[in-house]
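Student: structure for this input, please:
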Amino acid sequence: MTAGMPFYVSPEQLMKDRADFARKGIARGRAVLVLAYDQGIAFVAENPSRALHKISEIYDRIAFAAVGKYNEFENLRVAGVRYADLRGYSYDRSDVTARGLANAYAQTLGSVFTQESKPYEVEIVVAEVGRAAPEDQIYRLTYDGSVADEHGFVAMGGGAEQIEAGLKERWQSGMSLGAVLALAVSLLAKDPAGGEDRVLGAAQLEVAVLDRNRHRRLFRRIPGPLLERLLSADDPMQAVPDEDATPEEIPGEAPSDE
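Tutor: Below is the predicted model:
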């Protein structure tokens, strides 16, 4: 080979290598589940950190969940908040939709995947809760900008295939919040290698909901004491108590930071 001749890689091989690189990075992350329940949409992540969130509010009825490299999906989250605020201010709050946000994210992820030296090692979900269950929207976006309109549930991150198989068997439309949380935690606790199930408590979980029955912002984090009650109750609650209630009205619960 002549000295100085550039090394050629076919476009097909380049895209395959980038996709393999991104998939491996995502698979190393702990899983995140998004599940519809009778009063909204629940988000459950294995995440012991109290500061580095995988689940966040974007706008009134819209939330964001992600797996992969924190700095990369945090940049996407911030960009989504700015997009939503600008569109809501320029037009109307009702013009901010999960579909529009998903399209914006798809363009960004697709551009990075094809044009930058390294793709984003992220997978994200943008969800919007409707006034009734048929109006709920859940969009899953992968590292290359592909968008999928999901129905009922999504699992991302490490062990996602095994978790989705369990969801297909056990998830049902109309389940209560307590039931879907118990299902999510039981699937997160399973060892992909076939070993003994782990024990996951509230301290190892990050949980939030989009509750269609709330009067103001529909996004709500589920703090530890309330999460423990939801997971242990014989008759699980149907909805999260409204944050308009005082801590005295919700025994054992501190005011939410969001």
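Student: can you give me the strands for the stretch 51-200 of the chain?
Tutor: 55-59, 62-68, 122-128, 137-141, 147-150, 153-156 (DSSP state E, counting those that start in this stretch).
Student: got those as a markdown table, with mean pLDDT and mean neighbour count columns?
Tutor: (C-beta placed from N, C-alpha, C; glycine too.) Formatted as a markdown table, the strands of the stretch 51-200 of the chain follow (pLDDT from 0 to 100; neighbours: other CB atoms under 10 Å):
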| stretch | mean pLDDT | mean neighbour count |
| --- | --- | --- |
| strand 55-59 | 96 | 22 |
| strand 62-68 | 97 | 26 |
| strand 122-128 | 97 | 26 |
| strand 137-141 | 97 | 22 |
| strand 147-150 | 96 | 14 |
| strand 153-156 | 96 | 25 |
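Student: low pLDDT regions in the stretch 151-258 of the chain?
Tutor: 233-258 (pLDDT under 70).
Student: go with 80
Tutor: Low-confidence segments of the stretch 151-258 of the chain (pLDDT under 80): 191-195, 216, 232-258.
Student: and stretch 79-98, how far from the chain's centre?
Tutor: Its chain's average C-alpha position is 19 Å from that of stretch 79-98, according to CA atoms, centre = their mean, to the nearest Å.
Student: quick check: buried residues in that stretch?
Tutor: 80-81, 83-84, 87, 96-98 (16 or more other CB atoms under 10 Å).
Student: check these and tell me the two furthest apart.
Tutor: 81 and 97 (14.6 Å; CB to CB).
Student: for the longest helix along the chain, enumerate the helices and strands it packs against.
Tutor: Ranked by residue count and defined by DSSP state H, the top helix of the chain is helix 70-90. With contacts taken as 3 or more CB pairs under 8 Å, 6 or more residues apart in numbering; DSSP states H and E, helix 70-90 sits against strand 55-59, strand 62-68, helix 98-115, strand 122-128.
Student: list the buried residues of the longest one.
Tutor: By neighbour count, with 16+ other CB under 10 Å as the criterion, the buried positions of helix 98-115 are 98, 100-106, 108-110, 112-113.
Student: re earlier: could you dump the helices and strands packed on helix 70-90 to TSV with distance to residue 212?
Tutor: Shown next, in TSV, are the helices and strands packed on helix 70-90 (distance: least, CB to CB, whole Å):
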stretch	distance to residue 212
strand 55-59	15
strand 62-68	12
helix 98-115	14
strand 122-128	10
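Student: tell me which of these approaches residue 180 most closely.
Tutor: Of all those, it is strand 122-128 that lies closest to residue 180, at 13.6 Å by CB to CB.
Student: tilt between that closest one and strand 55-59?
Tutor: Orientation of strand 122-128 against strand 55-59 (axes from the mean of the first three to the mean of the last three CA atoms, to 10 degrees) gives an angle of 50 degrees.
Student: please save the CA atoms from strand 122-128 in CSV.
Tutor: Provided in CSV are the C-alpha atoms of strand 122-128 (Å, rounded to 0.1, in the frame of the first residue of the first chain):
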residue,chain,number,x,y,z
VAL,A,122,-28.3,7.0,24.7
GLU,A,123,-31.9,5.7,24.4
ILE,A,124,-34.7,7.9,25.4
VAL,A,125,-38.5,8.0,25.9
VAL,A,126,-40.7,11.0,25.5
ALA,A,127,-44.2,10.5,27.0
GLU,A,128,-47.3,12.6,27.1
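Student: strand partners of it, parallel vs antiparallel please.
Tutor: strand 62-68 (antiparallel), strand 137-141 (antiparallel) (DSSP bridges).
Student: the stretch 101-250 of the chain: helices as residue ranges?
Tutor: Assigned by DSSP state H, counting those that start in this stretch, the helices in the stretch 101-250 of the chain fall at 160-170, 177-188, 224-232.
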